[in-house]
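Participant: no sequence for this one, just the structure:
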């Protein structure tokens, strides 16, 4: 059995055997049995408070009823309008920490005990990111984003490797999202300025539809300067960013359609070689950097209206990400990553009018990522990795009981190659089981068990370059000189990291609580993750090497609350995450301090104006650095509270199509740092204006 490539865990075996049985058991999928007991007025009120998610289970579903914690950020909110990068849109989400110093390059995400390598980021379903140690980011303009979905916890079942801590998925806008009612052709222009990063942005879109065609073309340009980080300090920066996206759908007939999407991103900047650090130093020199990404996607959907078992999508995708550096007195460095892939997925509905209905989602994907270094490129070995996957997921709804079930499993196999070192291959099963119980109209409870894995990055396996110079001071002349180098050591024996997470939670929702036509939702969960072969970077005096921690434990809470009335809406969210190396007792480095976010939005009568306040508060990280669990890379950071205020306007009547937002971010100029000790943005006044006709 050890030589058989499809080694199975006990849970994988149970799920694989159970799926065919469930397929022939039956139901009315995705019809909430509780909603059938609601009055029409209650349904109308309940639907008013729904936030739909697609990423959580791969199918459209109310995020409140999903057996996991999900946050959905709309691209048309006041804070989204004023964001200067795709990652900046996530800044006020508890449990998510952003690394970097405010520059677009170098922004990364940490969530549930994992850094960006263990948090999968998607744009229209295509994985993003590049493993260049310091310059990775999400190279997507915020003006192109319809919404961002954050799914917490292992999500490998549908999305494969790297979804250990969760998934962040961006969906770009379609023509249908921009067209006004009864409109077939439209135009949009926008402008945005901010004082905190001395920036200016502008762009425009043209979009339209016919009987069987719709499409858009949109462009934007952004200039970003030095970044205010509080107390009169500015991080040196100069970025010029250009974006173009064209997207369209051809409805061939009632049963089939063809969709194409082309995206272009170009950022020409002058910034420190490591953009995550604020200052320019002898080790972190000023660099001319060009970041270019070109993405192409083509998908075909076949969905005959009279065949419930056939709803298939075939997608081809290509991404070319190229970073080129010119470092003062050193030379040129080039980093290119090419991704090619194909994905086939189908959805089948069975027994929709029987006691147990099924929505079966299954598919296969194959993709390759290839790294091509050039010039003096470091920490980016020439290598490639091929990944092949198959998966199946069954969502079951019981007609006569307030219960829904989710079961699924996935098999991934990867093979990495590098000319200097042996090939590396491995395969993993990732399974998931979840149950949701809704005994009343106002209560839901859920429990889940999920597995995930991450194949080591090519740099972690094969990197053999210089890391940083070893500098000593002459005791007589006091001159500092380079006496050697700390170098990366390759590790072809690095194991893929895996985890298994148990999560339990509940939700409450009520209408007409304190006033007529109000709605209140509350949802909370506790998670416990057992991580195996957790990958970390071991930095010694003369070498740096990626290694495995045999066992790690990550646990914590997520809490969300939303209250809506005709007069205001209020969102409150809290996260607490802890994680330890089970062998040493040390806290792992990718842990976030406790964070809380409060959002209050108040419409002003019926004027189209609304005002709001966003509070982001974080506790200190002293628990991570208290002896005897001292980690040299973790520095003590104080807790902080950052306040943003905004005034927004959505046009009415003759001004329909106009949107304006004024934001005072970090209004009290709070000086604070990320858990990695990097100073964050200070006070900034932002103004966004757009007009659509």
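Facilitator: Sure, I can see it. Quick caveat, the model's predicted, so the values are computed rather than measured.
Participant: from here on, contacts and neighbour counts on C-alpha atoms
Facilitator: Noted.
Participant: Now do the phi/psi pair for the residue nearest the centre of the chain.
Facilitator: Among the residues of the chain, the one closest to the centroid is residue 168, at 1.9 Å (Cα atoms, centre = their mean). Per-residue torsions, residue 168: phi -120, psi 120 (degrees, to the nearest 10).
Participant: Show me what it is bridged to.
Facilitator: residue 121, residue 150 (DSSP bridges).
Participant: now the residue lying closest to residue 473 once chain neighbours are set aside: how far from residue 282?
Facilitator: Once flanking residues are discounted, residue 473 sits nearest to residue 480: 4.2 Å by Cα to Cα, 6 or more residues apart in numbering. Noted for residue 480: a distance of 12 Å to residue 282, by Cα to Cα, to the nearest Å.
Participant: So between the two, which is more surrounded?
Facilitator: Shown here are residue 480 and residue 282; by other Cα atoms under 10 Å, residue 480 has more neighbours (11 against 6).
Participant: Provide a list of residues in contact with residue 530.
Facilitator: 499-501, 551-554 (Cα atoms under 8 Å, 6 or more residues apart in numbering).
Participant: Can you pick out the most distant pair from the residues you listed?
Facilitator: 501 and 551 (13.5 Å; Cα to Cα).
Participant: More neighbours: the two, which one.
Facilitator: residue 501 (22 against 18).
Participant: And the helices in the stretch 151-300 of the chain, which stretches?
Facilitator: Using DSSP state H, counting those that start in this stretch, the helices of the stretch 151-300 of the chain run over residues 156-159, 175-178.
Participant: and among the ones you listed, the most buried is which?
Facilitator: helix 156-159 (a mean of 27; mean count of other Cα atoms under 10 Å).
Participant: roughly how far apart are residue 666 and residue 92?
Facilitator: Note on residue 666: its distance to residue 92, by Cα to Cα, is 12 Å.
Participant: Next: residue 383.
Facilitator: For residue 383, the distance to residue 92 - Cα to Cα - is 37 Å.
Participant: For the protein, which element, helix or strand, carries the lowest mean pLDDT?
Facilitator: One helix or strand of the chain scores below all others by mean pLDDT, DSSP states H and E: helix 10-23, with a mean of 40.
Participant: circling back to that earlier point, so for the residue nearest to residue 473, what's the pLDDT?
Facilitator: The per-residue pLDDT reported for residue 480 equals 82.
Participant: OK, contacts around it?
Facilitator: 471-474.
Participant: and which of the residues you listed is nearest to residue 527?
Facilitator: residue 471 (44.4 Å).
Participant: Surely that closest one and residue 483 touch.
Facilitator: Yes - when contacts are counted by Cα atoms under 8 Å, residue 471 is listed as touching residue 483 (5.8 Å).
Participant: higher neighbour count, those two?
Facilitator: It is residue 471, of residue 471 and residue 483, that has more neighbours when counted by other Cα under 10 Å, with 13 against 10.
Participant: wait, the residue nearest to the centre of the chain sits on residue 124?
Facilitator: No - counting by Cα under 8 Å, residue 124 is not a contact partner of residue 168; they are 10.9 Å apart.
Participant: Check the separation of the first and last residues in stretch 460-479.
Facilitator: Stretch 460-479: ends 35 Å apart by Cα to Cα.
Participant: now do stretch 459-470
Facilitator: 22 Å.
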